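Trainee: curious how this folds, go ahead:
(2 chains)
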Protein chains: 2
Amino acid sequence: LTDFPLNTADRAATVSSAGERALIERIRARAGSGAAAPWITLGIGDDASVMAMPRGEVLVSSVDALVEDVHFRLDWSTPHSVGRKAIAVSLSDLAAMGAAPRAVLVSLTLPAGFALADFDALVDGVVEEAGRHGATLAGGNIATSPGGLAMHVTVLGSAHPRRILTRAGGRAGDELFVTGTIGAATAGLGALRQAGSAGARGAADLADCLARYETPRPLLRCGRRVAGQRAASACMDLSDGLADAARQIAQASGTGVCLDAALLPVHPGARRWFEARQLDPVAAALSGGEDYELLFAVPRRRRRGFLAAIAHSGGISATRIGELTTDRALVLRQNDHNLVLPTGYSHLG
Amino acid sequence: LTDFPLNTADRAATVSSAGERALIERIRARAGSGAAAPWITLGIGDDASVMAMPRGEVLVSSVDALVEDVHFRLDWSTPHSVGRKAIAVSLSDLAAMGAAPRAVLVSLTLPAGFALADFDALVDGVVEEAGRHGATLAGGNIATSPGGLAMHVTVLGSAHPRRILTRAGGRAGDELFVTGTIGAATAGLGALRQAGSAGARGAADLADCLARYETPRPLLRCGRRVAGQRAASACMDLSDGLADAARQIAQASGTGVCLDAALLPVHPGARRWFEARQLDPVAAALSGGEDYELLFAVPRRRRRGFLAAIAHSGGISATRIGELTTDRALVLRQNDHNLVLPTGYSHLG
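Mentor: Residues are numbered from 1 along each chain as shown, chains lettered A, B, ... in the order given. As a prediction, this is how the structure comes out:
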């Protein structure tokens, strides 16, 4: 493409010296017009994008943001992993609805001095992560600003209207299942805070926790499979922690919740990290955010179908951790005591 | 709603003292769940929003951002007008496609000390402007940050796939028409820069220019009417100025362009303001951004239909200003000279 005026090998080149049009052309080239899915009939570069919807399906949309020094630090994470994570955490909202990803729109705020090579790496992370889940980068916006880097990602997906998982469908008596393990992202973030990037990366035991913090994987196949089988009554992702997700589902469903501390699948590496710092692993894993696992409410008569759907979700596990209750209390059952569920998670800031 | 912990009468209350959940509840209350359009089957408060698409129509989506001290200043504009403008400028992209607005998603970055009363005013501006054009505030995201206020607005609209206006459909020989007048927003912004808010508002002559800068109106009815009649071959809004829009349409359509300086509908108040400052009104109005008028390419045999569509667009005028040309040059015809079209517009920064 002849209208790329700048060479990424030049580390001094910045986004503000390139200008918005040149940046959009760079994105278009990196996204690869040939890679656009057939349902994207008009992609990057016009006033808007155009997408055909599968017949009989509804649009499922969400927006999420990663803001520098609130959700990430560029001395901890590379631009490539920030680009990937911004897409992943937004797609996780589609996973929690049981929707299929179709397109992403990315609105960037860039510091004027942001290096063009870092911009390219960030865009590559966006394109890779979107492509991994079948979504096309279909549009966006770029503004340079006096503040830091921010990525606001809109995800556009589709689903059959009667196969959508909300937070509000739970009933008292439904069992709660959580996928995978919890607490790993919190331990990874904690290690970065305490030891910085080099220090945390030096601890072999923490590699998985760091990876879970930096490059979470949205459980799209799992959410779609469970929703497609109508095997759950409610679902939410753990962006703000398991305690928060359990509370949100209970409140939206008009029930209480009781979680059993002994059943919680705390990540083993995270457990060791918490215990070495005299932190209660259960409390830390419950309150810690950014796990991007899914919490499902499952009617008892659907348990078998639910577990079958999970078994077909590509190596995902699910653990029964409690249930929705008739009375409206939010309870953590631990050592024969009923405790109040801890509150949720706030980000770096 | 019992879970609003804060009283807006308290000017000391800030968004960071409220927390994201409380802010989302405030938005939900101000948006009014009863006001949601019937096509929004799941609105604010779940992991994602769900929207039914009209049968046979495609999704038209776009994202645009207003960033503090880049696109607006809070000592010039009220939070209410910033909220309105963020929605209006994003909807203008749907107008340029000929699409019907359906929903907006708003991703906010708020300074920690942002007053809750200002937050409410901003949300009211969002809800008012979206509602004025038939769009529902269907979701969003809130992050507080060390930086300034930013609003990233995703607009979701729909259109018949064969009634969409792109930049790329123009042909050599098509006439170019622009709606309304140009230059007013530039003069309004210039007055704010030179005289500050109080000074600019003291000049009665500038009231219309200031209003055009602060609360542009997206020409949705006009865009839809022209697209519905297939009366134009290409369209773009003037977010970055008329010269930029003409260049974009020509480049996307594989043509050149020739604009006639004598035909340009420069806003009378803006003309006086430019002339009083020894600025060439034509150059200033061509390069100045944020007019949010529409530029159409119209095949000659469609001129009558185009003008009829404009006449049914609710008091909008359109002026013929030039044409697309076979050779690829970008020309401004002025006083019998062919000049190179000036370049476009950059925002405050």
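
Trainee: dihedrals phi and psi, whichever residue of chain A sits closest to chain B?
Mentor: Relative to chain B, the nearest point of chain A is residue A:147 (2.9 Å; C-beta to the nearest C-beta). All C-beta atoms are positioned from the backbone trio N, CA, C, and that covers glycine. Taking degrees, to the nearest 10, you get phi -90, psi -160 for the backbone angles of residue A:147.

Trainee: can you count the residues close to it?
Mentor: 23 (other C-beta atoms under 10 Å in any protein chain shown).

Trainee: excluding covalently adjacent residues, which one is nearest to it?
Mentor: residue B:147 (2.9 Å; C-beta to C-beta, 6 or more residues apart in numbering or on different chains).

Trainee: the one you found and residue B:111 touch, don't they?
Mentor: Yes. Counting by C-beta atoms under 8 Å, residue B:147 touches residue B:111, with 7.1 Å between them.

Trainee: next, give phi and psi for the residue lying closest to residue A:332 once chain neighbours are set aside.
Mentor: Nearest-residue entry for residue A:332: residue A:339, 4.5 Å, with adjacent residues in sequence omitted and distances by C-beta to C-beta, 6+ apart. Note on residue A:339: backbone dihedrals following degrees, to the nearest 10 are phi -100, psi 160.

Trainee: show me the contacts for the spatially most central residue of chain A.
Mentor: Compute the mean C-alpha point of chain A, and by C-alpha atoms, centre = their mean the closest residue is residue A:89, 2.3 Å away. Residue A:89 makes contact with A:64, A:66, A:153, A:216, A:218, A:239, A:290, A:292, according to C-beta atoms under 8 Å, 6 or more residues apart in numbering or on different chains.

Trainee: tell me which helix or strand it sits in.
Mentor: Here residue A:89 sits within helix A:79-97, counting by DSSP states H and E.

Trainee: how far does that helix sit from the chain's center?
Mentor: In terms of C-alpha atoms, centre = their mean, to the nearest Å, the centre of helix A:79-97 is found 5 Å from the chain centre.

Trainee: and the next helix or strand past it?
Mentor: Using DSSP H and E, the first helix or strand after helix A:79-97 is strand A:100-111.

Trainee: can that next one be found next to chain B?
Mentor: Yes. Using C-beta under 8 Å from any C-beta of the partner chain, strand A:100-111 comes into contact with chain B via A:103, A:105-107, A:109.

Trainee: can you redo those as TSV with pLDDT?
Mentor: Formatted as TSV, the residues of strand A:100-111 next to chain B follow (pLDDT from 0 to 100):
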residue	pLDDT
A:103	96
A:105	96
A:106	96
A:107	96
A:109	95
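
Trainee: where along chain A do the helices fall?
Mentor: All helices of chain A, identified by DSSP state H, fall at A:15-18, A:20-31, A:79-97, A:116-132, A:184-202, A:207-214, A:220-228, A:242-253, A:268-276, A:281-287, A:303-311.

Trainee: out of those helices, which is the most enclosed?
Mentor: helix A:79-97 (a mean of 27; mean count of other C-beta atoms under 10 Å in any protein chain shown).

Trainee: quick check: mean pLDDT across it?
Mentor: For helix A:79-97, the mean per-residue pLDDT is 97.

Trainee: and it with helix A:207-214, angle?
Mentor: 80 degrees (axes from the mean of the first three to the mean of the last three C-alpha atoms, to 10 degrees).

Trainee: helix A:79-97 vs helix A:220-228, what angle?
Mentor: Using the same axes, to 10 degrees: helix A:79-97 against helix A:220-228 is 10 degrees.

Trainee: got the end-to-end distance for stretch A:225-244?
Mentor: By C-alpha to C-alpha, to the nearest Å, the extent of stretch A:225-244 from end to end equals 24 Å.

Trainee: swap in stretch A:146-155?
Mentor: Across stretch A:146-155, first to last residue, C-alpha to C-alpha, it's 27 Å.

Trainee: in that stretch, which residues are buried?
Mentor: Buried residues in stretch A:146-155, defined by neighbour count with 16 or more other C-beta atoms under 10 Å in any protein chain shown: A:147-155.

Trainee: so can I have JSON lines of the residues you listed showing pLDDT?
Mentor: Below are the buried residues of stretch A:146-155 laid out as JSON lines (pLDDT from 0 to 100):
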{"residue": "A:147", "pLDDT": "87"}
{"residue": "A:148", "pLDDT": "92"}
{"residue": "A:149", "pLDDT": "96"}
{"residue": "A:150", "pLDDT": "96"}
{"residue": "A:151", "pLDDT": "97"}
{"residue": "A:152", "pLDDT": "97"}
{"residue": "A:153", "pLDDT": "98"}
{"residue": "A:154", "pLDDT": "97"}
{"residue": "A:155", "pLDDT": "97"}
